[in-house]
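J.: only geometry, no sequence info:
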C-alpha cells in the first residue's frame, strides 16, 4: 500500500516539476539569445565604425613627384 501512496505523490508532483524544468530551460535559452544578440550588435557597430574610418582621407600625405626627384 505504501508503494501506491508514493506512486500517487510522484504522479501528482510530476506536472509541477515538469513546468519548473521547462521554465529553467526557457530562461537559459533566453539568456543565450540575449548574449548572441548583444554580440551581433557589438560586431555590427565595430564594423560600421571601421567602415566610417576607412572612408576618411588618410592623415599622412604622400610625397609628390618633386620630393621623389630630390631624393
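T.: The structure has been received and is ready for your questions. Since this is a predicted model, take the numbers as computed values, not measurements.

J.: Run the chain-centre distance for stretch 9-28.
T.: Chain-centre distance of stretch 9-28: 27 Å, with CA atoms, centre = their mean, to the nearest Å.

J.: In it, which residues are buried?
T.: Neighbour-count burial for stretch 9-28, counted by 16 or more other CB atoms under 10 Å, picks out no residue. Bear in mind the C-beta positions are built from the backbone N, C-alpha and C, glycine included.

J.: mean confidence score for stretch 33-41?
T.: Across stretch 33-41, pLDDT averages out at 97.

J.: Work out the gap between that stretch and the centre of the chain.
T.: 3 Å.

J.: any idea which element residue 25 lies in?
T.: Per DSSP states H and E, residue 25 falls inside helix 2-55.

J.: packing partners for that helix?
T.: If you count contacts as 3 or more CB pairs under 8 Å, 6 or more residues apart in numbering; DSSP states H and E, helix 2-55 packs onto no helix or strand.

J.: tell me the pLDDT at residue 64?
T.: According to the prediction, residue 64 has pLDDT 60.

J.: next one: residue 53
T.: 86.

J.: For it, the count of nearby residues, please.
T.: Per other CB atoms under 10 Å, the neighbour tally for residue 53 reads 8.
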